[in-house]
Structures are given as structure tokens and as C-alpha cells.
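# Here is a sequence with its predicted model. Questions after.
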Amino acid sequence: MKMQVLGERCLIRPDKLPERTESGLYMPELRHETVSLIGTVVGLGDGPVTKKGVRLPHVVVIGDRVIFSPDSGEEILFERDVLVCMREDDLLAVLDPEQPPPPTSQQDARAKRMAPRTKKRKRR
């Protein structure tokens, strides 16, 4: 079966969130509802239409990695895959393929702890 996305909507396959941290702690289900999600664009509609009837191209292309809010769009179960269909305006950011993904809060905290101190302490 094939699915055609309509209008200015895009279809996104969200990445699976880890159930456990690197240290082995289980993540609560509530966290999955509050954190911004990262996914891959797998389908696009025809694009938005202006008031004059001109169809504009999409900003994203199929294969782009995007960040979106968990409460935006509609979840669809299609051929045993969970997909999210949303308007392109609801996307928060497009990730640069050459840059690594943004760090999680744990990775960010660990990097701050491990970073060398740049300020010199004053001696009394």
C-alpha cells in the first residue's frame, strides 16, 4: 500500500528514544511526552499554496533530519510503522547532516563537568 501526503504536510518517522540511560537507569514514560523529538522526513505533500494560488516548494526534503515538538502533528500507524504527519510550519529545526545531533541534557551536563576550567583562581 502507498501513502500520498497532501498539501503542505510532511510525514516524519521519529527516532526511538532510549529506554535506559548510559548508566543503566530507566527513563520514565513522562519524559517521552516532554522532550523535543528528532526524526527523518519520509514523505512530502505538494507544498503550501499562497493567496494568489502559487504553489511554493517545501523547505525540507525527503531524508532531512528534523526536530519537532511531541504534541504537534498526528501519529499514524501505517504498515507497522509509527509516523507523524504535521504541517511544515510545526517543525522546529532542520539538522545539518554534517553536524552531530544536539546533546541530551545528560551529555551536556557531563561535558560541562569534564571541561577544563578556563578561569584561574585568585590566590590570597
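Arrived safely, thanks for sending.

# Strands along the chain, start to end?
Residue ranges of the strands in the chain, as given by DSSP state E, are 9-14, 37-44, 65-68, 74-78, 81-87, 91-95.

# where in this structure is pLDDT low?
Under the criterion pLDDT under 70, the flagged ranges of the chain are 18, 27-36, 99-124.

# quick one, which of the strands of the chain is packed in tightest?
For these, the largest average neighbour count (mean count of other Cβ atoms under 10 Å) is found in strand 9-14, namely a mean of 21. No exception for glycine: its C-beta is placed from N, CA and C like everyone else's.

# before we move on, the earlier item: any idea which of the strands of the chain gets closest to residue 50?
Judged by Cβ to Cβ, the one of the strands of the chain that comes nearest to residue 50 is strand 81-87, at 15.2 Å.

# What strands flank that closest one, and is each parallel or antiparallel?
Strand 81-87 sits in its sheet next to strand 9-14 (antiparallel), strand 74-78 (antiparallel), going by DSSP bridges.

# who's in contact with it?
With contacts defined as Cβ atoms under 8 Å, 6 or more residues apart in numbering, strand 81-87 is touched by 5, 8-14, 39, 42, 68, 72-77.

# what pairs with residue 81 across the strands?
Beta-bridge partners, per DSSP bridges, of residue 81: residue 78.

# Can you add distance to residue 61 and give the strands paired with strand 81-87 back as a markdown table?
Listed next are the strands paired with strand 81-87 as a markdown table, based on distance: least, Cβ to Cβ, whole Å:
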| stretch | distance to residue 61 |
| --- | --- |
| strand 9-14 | 10 |
| strand 74-78 | 20 |
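
# related to what we said a few turns ago, mind putting the strands of the chain in a markdown table, distance to residue 50 included?
Listed next are these as a markdown table, based on distance: least, Cβ to Cβ, whole Å:
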| stretch | distance to residue 50 |
| --- | --- |
| strand 9-14 | 17 |
| strand 37-44 | 17 |
| strand 65-68 | 23 |
| strand 74-78 | 25 |
| strand 81-87 | 15 |
| strand 91-95 | 19 |
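
# Any idea which of the ones you listed gets closest to residue 56?
For residue 56, the closest of these is strand 37-44, at 12.2 Å, according to Cβ to Cβ.
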